[in-house]
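Visitor: Model the following, please.
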Amino acid sequence: MTDDDKRAAALAAVEEVRPGMLVGLGTGSTAAFAIGRLGELVRGGLDIRAVATSLRSESMARMAGITLLDFAGVESVDLTIDGADEIDGRLFAIKGAGGAMLREKIVAAASRRMIVIADASKRVERIGRAKLPVEVLPFARAFVATRLAGLGAKTAVRAERSDQGNIIIDCLFPEIPDPSALAAALSGLPGVLGHGLFLDEVDCAYIGGGGRVIRLEK
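Guide: Got it, this is the predicted structure:
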């Protein structure tokens, strides 16, 4: 039922898209359902444009017939729809299993509204059990890995790099009692380009599970 739950959450979120909007397209299996649905609506006459948070999502959007803009020339986005690896009742999220968290965060920061879509397995009481990805300049790999371990993380460098050619270090913390403090510590490390803690960006979440969709609003 997981795919059904993902699809239901995606379809509910897409209902917020209005003609003329510039839409941010997230990355991952749940976001893929949103991209597919938007493609159907575009083929049916919906006039929107979009920016993609990854090369994979960009390819899917082009195949679906969605008009894409180069984000390098975009100042703001109306609405972004993206997935999450974990999300709690505060609408704190961990993202980045697909390796696109840096672009996702940039697009989210540019968005007037960001929606997370997920199946019920991704909803948690408090974020912190999922691996937290950190995107790192290759030049700083060993330095940053040591500093991450000093923050209490068990670290593993992914074999694949990000779309930007950077290293991704997955961090598993015993717990994250203060996500804001951890986010500040990560952002303050020279060589860290981005991380998967989304604490201020998410405005709304649609969570699919058991044949229904729950909406959480900040």
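Visitor: From here on, just use CA atoms for contacts and neighbour counts.
Guide: Fine.
Visitor: Show me the helices in this structure, by range?
Guide: 2-14, 29-43, 55-64, 101-109, 141-150, 179-187 (DSSP state H).
Visitor: pLDDT of stretch 146-164, averaged?
Guide: Per-region confidence: stretch 146-164 scores 97 on mean pLDDT.
Visitor: Which residues does that stretch contact?
Guide: Contact with stretch 146-164 is made by 54-55, 99-100, 135, 145, 167-174, 189, as judged by Cα atoms under 8 Å, 6 or more residues apart in numbering.
Visitor: Distance of Ala185 relative to Leu172?
Guide: With distances taken as Cα to Cα, to the nearest Å, Ala185 is found 15 Å from Leu172.
Visitor: That should have said Ser162, apologies.
Guide: The gap separating Ser162 from Leu172 is 19 Å, by Cα to Cα.
Visitor: Show the contacting residues for Glu135.
Guide: Neighbours of Glu135 in contact, by Cα under 8 Å, 6+ apart: Met101, Leu102, Ser162, Asn166, Ile167, Ile168, Ile169, Val192, Leu193, Gly194, His195.
Visitor: can you pull the pLDDT of it?
Guide: Glu135 is assigned 98 on the pLDDT scale.
Visitor: returning to that earlier point: got the helices of the chain as CSV, with distance to Phe71 and mean neighbour count columns?
Guide: What follows is these, written out as CSV (distance: least, Cα to Cα, whole Å; neighbours: other Cα atoms under 10 Å):
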stretch, distance to Phe71, mean neighbour count
helix 2-14, 21, 22
helix 29-43, 17, 21
helix 55-64, 11, 16
helix 101-109, 8, 23
helix 141-150, 27, 16
helix 179-187, 23, 15
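Visitor: To Ala120, which of these lies closest?
Guide: helix 2-14 (7.6 Å; Cα to Cα).
Visitor: Looking at the helices of the chain, which is nearest to Arg129?
Guide: Between the helices of the chain, helix 179-187 lies closest to Arg129; by Cα to Cα that is 12.2 Å.
Visitor: can you give me the mean pLDDT across the closest one?
Guide: pLDDT averaged over helix 179-187 gives 98.
Visitor: Show which residues not belonging to that helix make contact with it.
Guide: Contacts of helix 179-187 with the rest of the structure, by Cα under 8 Å, 6+ apart, involve Ile176, Val192, Leu193, Gly194, His195, Leu197, Leu199.
Visitor: From the chain's centroid, how far away is stretch 56-64?
Guide: Distance, stretch centre to chain centre, for stretch 56-64: 16 Å (Cα atoms, centre = their mean, to the nearest Å).
Visitor: which residues touch that stretch?
Guide: Here stretch 56-64 makes contact (Cα under 8 Å, 6+ apart) with 25-27, 32, 35-36, 38-40, 51-52, 67-68.
Visitor: Residue ranges of each domain in the protein, please.
Guide: If you go by automatic domain parsing, the domain ranges for the chain are 2-123+199-217, 132-193.
Visitor: distance of Arg43 from Glu58?
Guide: For Arg43, the distance to Glu58 equals 17 Å [Cα to Cα].
Visitor: And for Gly194?
Guide: Taken as Cα to Cα, the span from Gly194 to Glu58 is 20 Å.
Visitor: So, low pLDDT: which residues of this structure?
Guide: Residue ranges of the chain with pLDDT under 70: 1.
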